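[1] No sequence on hand, only this structure:
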């Protein structure tokens, strides 16, 4: 059984979907801890599903390395096989990536490498794109630059707002994430092999 720790900053809608999937008897992964950089709204999901939670408070960019060291200590206590970022609004410090890579995943509301960064949906609309998408990637030291594990296109409608477009992307993100975690758990997807291939 694959064990997963999920890191959040906000409501954790992808977290909720993963918890619901993991509660099914035939799903081959279980969430063993939920962490955040603040007291997050998404901790309500931890309470609802009886999952342990932890907070490693963010104290500003000057203390980023120290925050990373504290996050490593918290994650080491639960020893997850996989770490999933679900709306964590911090770039992981290099020490965290180095310790757990390639077993850190993130979802992104765009068809990478298009529209990386924190405002992908807004950027797609501003660019007049006819399609955008959702991606699940391996986290590296860049900003949304890791190997893509799964992605899917989402059409942009003429009357879309940032909110309406994001609302259509979110279910795709959740579906892709749940499937990628399943594929890793059953051995269909080898993160080390994917990462190695991306370097060549």
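    Perfect, thanks for sending it. In this text, all values refer to a predicted model and were calculated from it rather than measured experimentally.

[2] Now do the domain split for this structure, please.
    Using automatic domain parsing, the domain parsing of the chain gives 1-100, 107-200.

[3] Can you tell me the SS state at the closest residue to residue 97 other than its chain neighbours?
    In this structure, residue 97 finds its nearest non-sequential neighbour in residue 141, 5.5 Å apart by Cβ to Cβ, 6 or more residues apart in numbering. All C-beta spots, glycine's among them, are computed from the backbone N, C-alpha and C. Three-state call for residue 141 (DSSP: H, G, I helix; E, B strand; the rest coil): coil.

[4] residues near residue 141, how many?
    Using other Cβ atoms under 10 Å, residue 141 has 14 neighbouring residues.

[5] Next, the residues that contact the biggest helix by length in the chain from outside, please.
    Secondary structure of the chain per DSSP state H: the longest helix is helix 162-185. For helix 162-185, contacts defined as Cβ atoms under 8 Å, 6 or more residues apart in numbering pick out 1-2, 4, 13-14, 17-18, 21, 27-29, 82, 84, 105, 107-109, 121-122, 124-125, 132-136, 149-152, 154, 156-157, 189, 191.

[6] Just the buried residues of that helix, please?
    165-166, 168-170, 172-182, 184-185 (16 or more other Cβ atoms under 10 Å).

[7] Beyond that helix, next helix or strand please.
    helix 191-199 (DSSP states H and E).

[8] Just the ones of the contacts of helix 162-185 in strands?
    Among the contacts of helix 162-185, the ones falling in strands (DSSP state E) are 2, 4, 29, 82, 84, 105, 107-108, 132-136, 149-152, 154.
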